[in-house]
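>>> Structural data only, the sequence is not supplied:
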């Protein structure tokens with residue numbers, strides 16, 4: 001991974017994967033920092049998406065202009081003046097856009113884009129140590145940059161066999177949480193996501209907190225809810241859950 005972002009699944013990826021079925025096709029409509037993708041075995045076919053153009057741009061730059069990105073990142077100053085500038089100014093040129101995104105995600109407190117993150121470790125090491133492996137892993141991955149509702153209609157699986165071998169993992173912005181995502185989720189969005197997942201007819205797993213609306217939707221739809229454990233967000237501790245439409249591998253709240 002080359003990104004530090006609030007809510008990424010790096011630390012709990014293995015716990016969540018324990019609930020994943022065997023699959024040859026991996027579909028992720030909310031790629032984010034890639035905390036799940038980069039911490040699971042890569043399968044043969046991978047289709048991912050993120051509405052955030054910064055995410056899409058960064059991984060396109062890593063794929064196509066990796067060496068130039070590393071060179072420019074090495075020269076980039078770590079300074080509060082640059083933070084203030086990029087807090088109010090966006091970039092359009094791909095390399096500069098990627099640099100701004102890396103700065104705000106990796107060099108500020110909890111990736112909030114607010115105060116500087118100071119540490120005794122090198123603040124740039126995460127990119128230098130991981131970019132070659134990141135570039136290797138995203139080779140031949142199909143990237144999209146659209147709203148999740150459109151994404152679910154944009155990819156095509158070849159019949160029942162592909163459906164049986166596919167897994168959709170949805171890690172959308174959690175309902176009613178204050179975070180650094182540009183598009184927070186509403187109840188309508190969450191309902192639409194449930195509908196898209198069910199319509200896909202594939203095995204799916206969805207990460208969320210134990211929000212009453214989410215629990216109610218899962219129960220009404222006859223889905224399984226696995227308790228992953230407590231996790232800290234910006235304001236408090238919440239219970240992390242995983243909702244699936246396939247047979248439980250461990251205990252759940254509803255079956």
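Nice, I can see it. For clarity, every value in this text was computed on a predicted model and none was experimentally measured. Residues are numbered from 1 along each chain as shown.

>>> Please make it C-alpha for all contacts and neighbour counts, starting now.
Fine.

>>> List the buried residues in the helix or strand where residue 129 lies.
Assigned by DSSP states H and E, residue 129 belongs to helix 125-138. Buried residues in helix 125-138, defined by neighbour count with 16 or more other C-alpha atoms under 10 Å: 127, 131, 134, 135, 138.

>>> Check stretch 77-92 too.
83, 86.

>>> what's it in contact with?
Applying C-alpha atoms under 8 Å, 6 or more residues apart in numbering, the contact partners of stretch 77-92 are 97, 100, 103, 104, 107, 113, 114, 116.

>>> Phi first, then psi, for residue 47.
phi -130, psi 120 (degrees, to the nearest 10).

>>> pLDDT wise, what is it at?
Model confidence at residue 47, given as pLDDT, is 98.

>>> Would you check how far apart it and residue 29 are?
8 Å (C-alpha to C-alpha, to the nearest Å).

>>> So between the two, which is more surrounded?
residue 29 (26 against 18; other C-alpha atoms under 10 Å).

>>> and residue 26, which of the three is it?
Classification of residue 26 using DSSP: H, G, I helix; E, B strand; the rest coil returns strand.

>>> so how far is residue 1 from it?
18 Å.

>>> neighbours of the closest residue to residue 165 other than its chain neighbours, just the number please.
Take residue 165 and drop its neighbours on the chain: the residue closest to it by C-alpha to C-alpha, 6 or more residues apart in numbering is residue 23, 4.9 Å away. By the criterion of other C-alpha under 10 Å, residue 23 has 17 neighbours.

>>> these two touch, right, residue 23 and residue 166?
Yes. Between residue 23 and residue 166 a contact is recorded at 5.4 Å, counting by C-alpha atoms under 8 Å.

>>> gap between the two ends of stretch 173-185?
First-to-last distance for stretch 173-185 - C-alpha to C-alpha - comes to 6 Å.

>>> cool, stretch 142-159 as well?
19 Å.

>>> Any buried residues in that stretch, and which?
Buried-residue list, stretch 142-159, by 16+ other C-alpha under 10 Å: 143, 144, 145, 146, 148, 151, 152.

>>> Tell me the one of these nearest residue 192?
residue 148 (9.2 Å; C-alpha to C-alpha).

>>> any idea how far residue 70 is from the closest one?
Taking C-alpha to C-alpha, one finds residue 148 at 31 Å from residue 70.

>>> continuing past the host helix or strand of residue 86, what's the next helix or strand?
Following DSSP H and E, one finds residue 86 within helix 80-88. Later in the chain than helix 80-88, the nearest helix or strand by DSSP H and E is helix 94-106.
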